[in-house]
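Task: produce atomic coordinates for the following.
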Amino acid sequence: MSNIYIGYHFTIEPKELGSEILIAELGEKAFESFTETETGISAFVQKDLWDETILEDIHILQSDEFKIEYTFEEIEQVNWNEEWEKNFEPIDVDGNCHVRAPFHPKTDAEFDIVIEPKMSFGTGHHETTHMMIQHLLEMDVNGLKTLDMGCGTAILAILAEMKGAQPIDAIDIDNWCYLNSIENAERNNCKHITVYEGDAALLAGKKYDLIIANINRNILLNDMQSYVDCLNSKGTLLLSGFYEEDIPYIDASCTEKGLKYVKKFQRNNWVSLKYVNL
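You can find the predicted model right below:
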C-alpha cells in the first residue's frame, strides 16, 4: 500500500456542525483520518484509493446551509501523530478535568482523560463538550446507570465512569466514533462502558438515571421522546449541541414531556441545558 496521501483542506461555515456532517460523509468514503483546523478540517485518503470523483456525492457540499471551500494536495508519508499534535491542544476544564492526547504530559487534575483524537468533533475543544464536562463535574453520578448519546470520542462516558457512574452505554451512529470510543474507553481502563453503533432505535426498553446527549438541535428534537421514555423518575437529562436561539424549541420539547428545567451553561453562543424527570 502506498504511503502517499491526498490531503483535502476544507474551510467550513458554520464550522462546528458543518465539520461534524462532512466528517460523517467522508468517513463513508476511503478517508482514514481527520484533523481540526482554525477554519474547518483536513481529511486524508491514500492516493491508491483516491480518484478525482471522490467528492461527487458528498451531499453537504451541495447544501445551501453551509459555505464550504477546499483545496487538495499530494502528501508523502503522513505522520499521523505529528498531524494530531499540531491540531489538538489539551483541554482543561476548571482545573479539575484534563483531556489530552497520549503525547501530552499528564497534569495533576483529578480526572485525567487520554484520547486518541482521530476526528475533529467531540474532542473537548468544542464549547458544548466543555459545558457537558462542567455539568458532570458538579454532579454526584456515583452508581447512576448512564447513557452517552452521540458519544463521539466517549470523553463524557469516560468521565462519568471516573466519577463512579455504572453501567454506561455509549452510542454513536458514526462508525469512526464507535471504533474510536471503544479504543478510548480501553485506553482509560474503563470497565463499565459498552459502546454501540446506532441511533435512538437502540433505546427501546432501556432505562437510565442519567442521559447525556451532545448532538445537534434537530436530532435532539427528533429523539427527545425516546430519551424521556427511558429516563427514570428523578433522572437527569443533560443536553448540548445547539445555540442560544435554539433554547425555546428545546425547552418546549422538554417541558411538554414532563421535564423540569434546572440549569444552563453558556460558552460563546453555544449552550448546555440540564433537566430532571419529575
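
Give me the phi and psi for residue 108.
Main-chain dihedrals, residue 108, degrees, to the nearest 10: phi -100, psi 20.

What count of nearby residues applies to it?
Close neighbours of residue 108, defined as other C-beta atoms under 10 Å, add up to 7. To be clear about C-beta, it is placed using only N, CA and C from the backbone, and glycine gets the same treatment.

lowest-confidence helix or strand of this protein?
Lowest by mean pLDDT, DSSP states H and E among the helices and strands of the chain is helix 80-87, with a mean of 63.

chain center to the next helix-or-strand element following that one, what's the gap?
Note on helix 80-87: by DSSP states H and E, the next helix or strand toward the C-terminus is strand 91-93. Centroid separation between strand 91-93 and its chain, computed with C-alpha atoms, centre = their mean, to the nearest Å, is 16 Å.

Who are the contact partners of residue 141?
Neighbouring residues of residue 141 by C-beta atoms under 8 Å, 6 or more residues apart in numbering: 160, 163, 164, 165, 210.

Now the two most distant members of the residues you listed.
Spatially, the most separated pair among the contacts of residue 141 is 164 and 210, at 11.3 Å (C-beta to C-beta).

what is the mean pLDDT for the lengthiest strand in the chain?
Assignment by DSSP state E gives strand 231-243 as the longest strand of the chain. Averaged across strand 231-243, the pLDDT comes to 94.

what pairs with it, and is each one parallel or antiparallel?
Here strand 231-243 is paired, per DSSP bridges, with strand 208-214 (parallel), strand 270-277 (antiparallel).

contacts for it?
The list of residues contacting strand 231-243 from outside it, by C-beta under 8 Å, 6+ apart, reads 128-129, 131-132, 135-136, 139, 145, 150, 207-217, 219-220, 227-228, 250, 254, 259, 262, 269-278.

among the residues you listed, which ones are buried?
In the contacts of strand 231-243, burial by neighbour count holds for 128-129, 131-132, 135-136, 139, 145, 150, 208-217, 219-220, 227-228, 250, 254, 259, 270-275, 277, counting by 16 or more other C-beta atoms under 10 Å.

wait, residue 46 sits on residue 32?
Yes: contact criterion C-beta atoms under 8 Å: residue 46 and residue 32 qualify, at 7.0 Å.

Surely residue 208 and residue 148 touch.
No: when contacts are counted by C-beta under 8 Å, residue 208 is not listed as touching residue 148 (10.0 Å).

between those two, what contacts are shared?
Residues touching both residue 208 and residue 148 (C-beta under 8 Å, 6+ apart) are residue 169.

Now for residue 192: which residues touch it?
So residue 192 contacts 161, 165, 166, 167, 168 (C-beta under 8 Å, 6+ apart).

Neighbour-wise, which one of these leads?
Neighbour counts for the contacts of residue 192, by other C-beta under 10 Å, peak at residue 168, which reaches 28 neighbours.

Now do it, the pLDDT please.
For residue 168, pLDDT reads 98.

related to what we said a few turns ago, farthest pair within the contacts of residue 192?
Distances among those were taken as C-beta to C-beta; the most separated pair is 161 and 167, at 9.2 Å.

what sits in contact with each of the two?
Between them, residue 161 and residue 167 share these contacting residues under C-beta under 8 Å, 6+ apart: 192, 193.

As a check, name the ranges of all helices in the stretch 101-250 of the chain.
Secondary structure of the stretch 101-250 of the chain (DSSP state H, counting those that start in this stretch): helices at 127-138, 155-162, 175-187, 217-229, 247-256.

could you give the angle of the shortest one to strand 208-214?
Using axes from the mean of the first three to the mean of the last three C-alpha atoms, to 10 degrees, the interaxial angle of helix 155-162 with respect to strand 208-214 works out to 150 degrees.

again, but for the third one
The directions of helix 175-187 and strand 208-214 differ by 120 degrees, with the same axes, to 10 degrees as the criterion.
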